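**Q** need coordinates for the below:
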Amino acid sequence: MVNQTYIADVLVVGGGTGGTAAAIQAARRGAKTILVSEFSWLGGMLTSAGVSAPDGNELEAFQTGLWGAFLQELRQRQPGGLDNSWVSFFSYDPRIGAEIFANWVQELPNLHWISGQVPIEVYRQGDSITGVRFADFAVTAKIILDGTELGDLLALAEIPYRWGWELQSEWGEPSAPVNFNSFTKRYPVQAPTYVVIMQDFGDAMSTTGVAAAPEIPAAPNYNPSEFTGAWDAYGAETFLNYGRLPGGRFMINWPICGNDYGQGLGRLIESDVSRGEFIQESRWHSQNFAHFIQNQLGRRYGLAEKVFPHTSTAFALHPYYRESRRLVGLTTVREQDILPIAEGRVASIFNDAFAVGNYANDHHYPGVQFSLQPKSIRWGGRWTGTPFTIPYNSLIPTTTDGFLVCEKNISVSHIANGATRLQPVVMGIGQAAGMAAAMCVELNCQPRHLPIRALQTALLADNRSKTAIIPLFNLPPNRSDWLHWQLYYLNNPQAYPDSGYCPCPSENEYPDSAFDKALIRESNCFKGIFSRLDRQEYRFAVTAPAAYQGQNWQLVTLRSHIDEQLSAYPHEQLVTLWGRYNHFGNWLLVEHLNGG
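**A** Numbers count the residues shown, from 1 in each chain. I've put the predicted structure just below:
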């Protein structure tokens, strides 16, 4: 029964990574915004799903928009920094991430956040979506955004969507299957993971001789053979450090004989009951993996305490969904759109681009290695991914008005979803969708009629969190000519360089910015012998300080001008570096470089 009806300019349903970003950006633009979330934490993949070691958009030039602002907040709030794991350059306590999003929402008087609610019904007038009903209230709005984890509004509104694979005959995607088969039937979408956080309780033994960590009980259907060999190729310590978090905690989100769960994936969209069954099973699967880890590695390791805000504090609030229902939109992002152009280091750009991604195309199917066209490149002494863009028209249904998507539910193929689903990309999608929704309210127009250049200019010029639209390796957001080059390639897309480098002067020709100086202040000084093993593979034999003398580290950087210096530095020469050593990745993240 509806007890109250709220009226808003913009309604965002779902408080995940994209929905949270959309609501914040719409409200910052001035729209009266309501955000309705299922969970008590905002941020989705970055927080409530427990994946607080995000992938993609790690290069300095791609740390823009709300994603860049989120990283800056984490650096200020996370004691001990973000260099805690080897899978990501940014691993943090998920409670701090949730706190950041909550603070951003609370500072906006025109943003009303309601938690603990899921959509039940969508209101329509002809071809327009006009409102959403929840358990005991409804919201009507001019623009409604689907930010749910599984594209639930698409189903409720009967907006056409995709679920499952597309064949190669659909769009000519090189990695798509030629025919449907038992594999595509078994795994219609990528497998989710129910993240569990484990903790190192130390070697201490109580006076009774009982190990410090409480025993982790096995859940129903425990089968240790499912996990046998999980870390054989890495070693136990390296396995644990994959998703290491501050405070001796470990994010368990492991794809190799680990806690990805893909049994009966179709249940996620069949009914509330079947979805609940899947979620329970996936959580049991992670509990069983944690039980297996404790049995194999000892009672030093147990379930983390006081992480997530519910009874079982070691388990995320919901699974990490890698794929959802996917809109049938005006434009569909295909595999070709995320792969490098011939002889190039970047993908082609969409004319209506509004967000940037660069992660490799990563698919998860338990027990199966699925081959994909490579889009990885070496950059900054390490592997990263080909930059690509997301088009605005992938947010817009083919015929429905008053509606946008802003999560993993964009119009994207199953194959390309492996690259567009990552946290920073979805955050960029959400920010742009929120900006677009607010501008549609301002201009009294439908999303399909919003002038794309006005949206792009608003994102580039946003006074709080300007966001890159054109991916350029050597154009970090602190550059004085950043806006000039972004606009130049928007106006002259044919000039966009295949290399991903704009012909602007090296950053060394500019005086150090406050941003640069802050990074150097937070770094430590090291001296040693530089070695080049390959064109983009660097090693560093430490000579000072004495505590590290004789150690041999990988050199990596996220900064373009440092990458240029490393690529040109003489082999086997003495060098002085400023950076941060990551013990768990055995690399030095270089922020500044001098001669010996």
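
**Q** tell me where the stretch 201-350 of the chain has helices.
**A** 236-241, 272-297 (DSSP state H, counting those that start in this stretch).

**Q** actually the chain, not the one I typed
**A** 17-28, 65-77, 94-106, 152-156, 168-171, 182-186, 236-241, 272-297, 417-420, 423-443, 452-460, 482-491, 514-521, 560-568 (DSSP state H).

**Q** turn the ones you listed into a markdown table, including mean pLDDT and mean neighbour count.
**A** (Glycine included, C-beta is placed from N, CA and C.) Shown next, in a markdown table, are these (pLDDT from 0 to 100; neighbours: other CB atoms under 10 Å):
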| stretch | mean pLDDT | mean neighbour count |
| --- | --- | --- |
| helix 17-28 | 98 | 32 |
| helix 65-77 | 98 | 20 |
| helix 94-106 | 98 | 20 |
| helix 152-156 | 98 | 22 |
| helix 168-171 | 98 | 14 |
| helix 182-186 | 97 | 12 |
| helix 236-241 | 97 | 17 |
| helix 272-297 | 98 | 19 |
| helix 417-420 | 98 | 26 |
| helix 423-443 | 98 | 28 |
| helix 452-460 | 98 | 19 |
| helix 482-491 | 97 | 17 |
| helix 514-521 | 59 | 14 |
| helix 560-568 | 94 | 19 |
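
**Q** wait, which of the ones you listed is closest to Asn474?
**A** Asn474 sits nearest to helix 560-568 of all the helices of the chain, at 4.0 Å, using CB to CB.

**Q** packing partners of that closest one?
**A** strand 587-595 (3 or more CB pairs under 8 Å, 6 or more residues apart in numbering; DSSP states H and E).

**Q** contacts for the strand it packs on?
**A** 83, 89, 381-382, 516, 519-520, 522-523, 526, 540, 553-559, 562, 565-566, 569, 575-582 (CB atoms under 8 Å, 6 or more residues apart in numbering).

**Q** follow-up on the earlier one: so which of the helices of the stretch 201-350 of the chain is nearest Leu145?
**A** Nearest of these to Leu145, taken as CB to CB: helix 272-297 at 21.4 Å.

**Q** so what's Thr193 up against?
**A** Applying CB under 8 Å, 6+ apart, the residues contacting Thr193 are 253, 255, 258-261, 282, 286, 319-320, 322, 364.

**Q** which of the contacts of strand 587-595 are buried? Put it as a PyMOL command.
**A** To isolate the buried members of these in PyMOL, using 16 or more other CB atoms under 10 Å:
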select buried, resi 83+89+381+382+516+519+523+526+540+553+554+555+556+557+558+559+562+565+566+569+575+577+578+579+580+581+582
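
**Q** which of the contacts of strand 587-595 fall in strands?
**A** 382, 526, 540, 553-556, 575-582 (DSSP state E).

**Q** grab the nearest non-local neighbour of Leu339.
**A** Spatial nearest neighbour of Leu339, excluding adjacent residues (CB to CB, 6 or more residues apart in numbering): Lys375 at 5.3 Å.

**Q** hmm, Thr384 and that neighbour touching each other?
**A** No: with contact defined as CB atoms under 8 Å, Lys375 does not reach Thr384; the gap is 10.0 Å.

**Q** hmm, Ile562 and Asn474 touching each other?
**A** No: assessed by CB under 8 Å, Asn474 is found out of contact with Ile562, at 10.9 Å.

**Q** any idea which of the contacts of Thr193 has the most stuff around it?
**A** Highest neighbour count within these: Asn259, with 30 neighbours (other CB atoms under 10 Å).

**Q** list the contacts of the residue nearest to the spatial centre of the chain.
**A** In the chain, the residue lying closest to the centroid (CA atoms, centre = their mean) is Gln423, at 1.4 Å. If you count contacts by CB under 8 Å, 6+ apart, Gln423 has them with 17, 45-46, 51, 54-56.

**Q** of those residues, closest to Ala157?
**A** Thr17 (21.6 Å).

**Q** sorry, back to before: and the contacts of Thr193 as CSV, adding distance to Glu158?
**A** What follows is those, written out as CSV (distance: CB to CB, whole Å):
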residue, distance to Glu158
Asn253, 34
Pro255, 35
Gly258, 37
Asn259, 34
Asp260, 31
Tyr261, 29
Ser282, 28
Ser286, 34
Pro319, 25
Tyr320, 28
Arg322, 25
His364, 29
